[in-house]
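[1] Fold the stuff below for me.
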Amino acid sequence: MSAADTTGPAGCLVVFGDPMTPELARALDLAGTKWIEVDTAEDAVAREPAEGWLGAVIDCSGETDAGWTLARAVRAREVESMLVLVRGSQLPDLSLRDELFDDFCLSPFHPAEFEARLRHLLVRRGAGLRPEVVSYAELELNLETYQASIGHRPLDLTFMEYELLKFLAQNPGKVFTREILLSRVWGYEYYGGARTVDVHVRRLRAKLGEEHAGLIQTVRSVGYRFGQSRWGS
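    You can find the predicted model right below:
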């Protein structure tokens with residue numbers, strides 16, 4: 001759910017961007033929960049579902065105190081699971097506002113860190129974001145423990161190998177260019193070339209083993225696809 005939605009069903013995060021950036025919107029979508037952008041505390045109250053907000057993501061890294069003002073208003077409505085985005089220069093001041101948030105993430109953020117912090121926060125509060133395990137055929141990825149197995153055989157993956165495999169397994173049948181994979185998995189500020197993706201795909205295929213290496217398919221002149229396309233090609 002994005003800012004274009006006009007209703008506030010249960011199970012939504014209330015989100016404040018200062019301003020809302022494409023990077024934050026994409027990270028929220030990848031995290032796998034519904035969300036609604038608000039501009040003011042009054043907007044947050046007006047659009048709050050009957051069951052209350054699932055949690056909040058508030059960007060407090062701007063030059064004004066608008067984010068903290070909204071955080072204070074949302075907290076007053078007993079909203080828990082609040083994640084704030086802050087700049088590194090703001091870290092010394094967090095202790096003065098620790099009642100306004102439950103966890104923080106430095107901005108600009110890495111999408112994988114943002115997702116992990118948000119998921120951990122909601123799971124800790126009993127809300128949860130998505131099923132604990134992502135499965136495809138014989139592949140299983142535990143999102144909480146960062147463990148992976150194929151045919152019940154543990155896979156020894158680096159952090160970025162795991163993140164790449166997780167992203168692909170969560171989007172079976174879709175074709176992604178190397179540039180998209182770089183931005184979604186390595187982060188929007190990453191300046192590595194396409195070879196980075198190729199190297200990690202080669203290592204993943206080797207670790208999956210000959211029997212399962214074909215799960216990650218090369219689409220000539222485009223990029224990579226995980227699993228089978230629904231079009232059967």
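
[2] Which parts of the chain are helices?
    22-31, 41-46, 66-76, 111-124, 159-169, 178-181, 194-208 (DSSP state H).

[3] With mean neighbour count, mean pLDDT and distance to Leu96 as added columns, please give those in TSV.
    For the C-beta atoms, the positions are set from N, CA and C on the backbone; glycine is no exception. TSV is the format used below for these (neighbours: other CB atoms under 10 Å; pLDDT from 0 to 100; distance: least, CB to CB, whole Å):
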stretch	mean neighbour count	mean pLDDT	distance to Leu96
helix 22-31	18	85	24
helix 41-46	15	90	20
helix 66-76	18	92	10
helix 111-124	19	83	21
helix 159-169	20	94	33
helix 178-181	16	91	40
helix 194-208	16	94	40
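
[4] could those go into CSV alongside distance to Cys105?
    Shown next, in CSV, are the helices of the chain (distance: least, CB to CB, whole Å):
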stretch, distance to Cys105
helix 22-31, 10
helix 41-46, 20
helix 66-76, 13
helix 111-124, 5
helix 159-169, 16
helix 178-181, 22
helix 194-208, 24
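
[5] Outside of stretch 97-104 itself, list whatever touches it.
    Residues from elsewhere that reach stretch 97-104 (CB atoms under 8 Å, 6 or more residues apart in numbering): 58, 68, 71-72, 75, 80-86, 94, 117, 120-121, 125.

[6] what's the spacing between it and its chain's center?
    Centroid displacement of stretch 97-104 relative to its chain, using CA atoms, centre = their mean, to the nearest Å, is 20 Å.

[7] do stretch 196-204 as well
    Mean-position distance between stretch 196-204 and its chain equals 22 Å (CA atoms, centre = their mean).

[8] Please enumerate residues in contact with it?
    Under the contact criterion CB under 8 Å, 6+ apart, stretch 196-204 has outside partners 157, 160-161, 164-165, 178, 181-182, 186, 216, 223-224.

[9] at 7 Å instead, please
    160-161, 164-165, 178, 181-182, 186, 216, 224 (CB atoms under 7 Å, 6 or more residues apart in numbering).

[10] if we can go back for a sec, so which of the helices of the chain gets nearest Leu54?
    The minimum distance between Leu54 and the helices of the chain falls on helix 111-124, with 7.1 Å, by CB to CB.

[11] which strands and helices sit next to that closest one?
    Judged by 3 or more CB pairs under 7 Å, 6 or more residues apart in numbering; DSSP states H and E, the packing partners of helix 111-124 are helix 22-31, strand 55-59, strand 82-86, strand 103-106.

[12] among the ones you listed, which is nearest Val15?
    Nearest to Val15 among these is strand 55-59 (4.8 Å), distances taken as CB to CB.

[13] what's the average pLDDT for stretch 99-107?
    For stretch 99-107, mean pLDDT is 93.

[14] Quote the end-to-end distance of that stretch.
    20 Å (CA to CA, to the nearest Å).

[15] Show me which positions of it end up buried.
    For stretch 99-107, a neighbour-count test (16 or more other CB atoms under 10 Å) marks 100-102, 104-105, 107 as buried.

[16] same check, this time on stretch 218-227
    Buried residues in stretch 218-227, counted by 16+ other CB under 10 Å: 223-227.

[17] out of the residues you listed, which are inside strands?
    If you go by DSSP state E, those have 223-226 in strands.

[18] which among those residues gets closest to Val15?
    Nearest to Val15 out of those is Phe226 (CB to CB; 28.6 Å).
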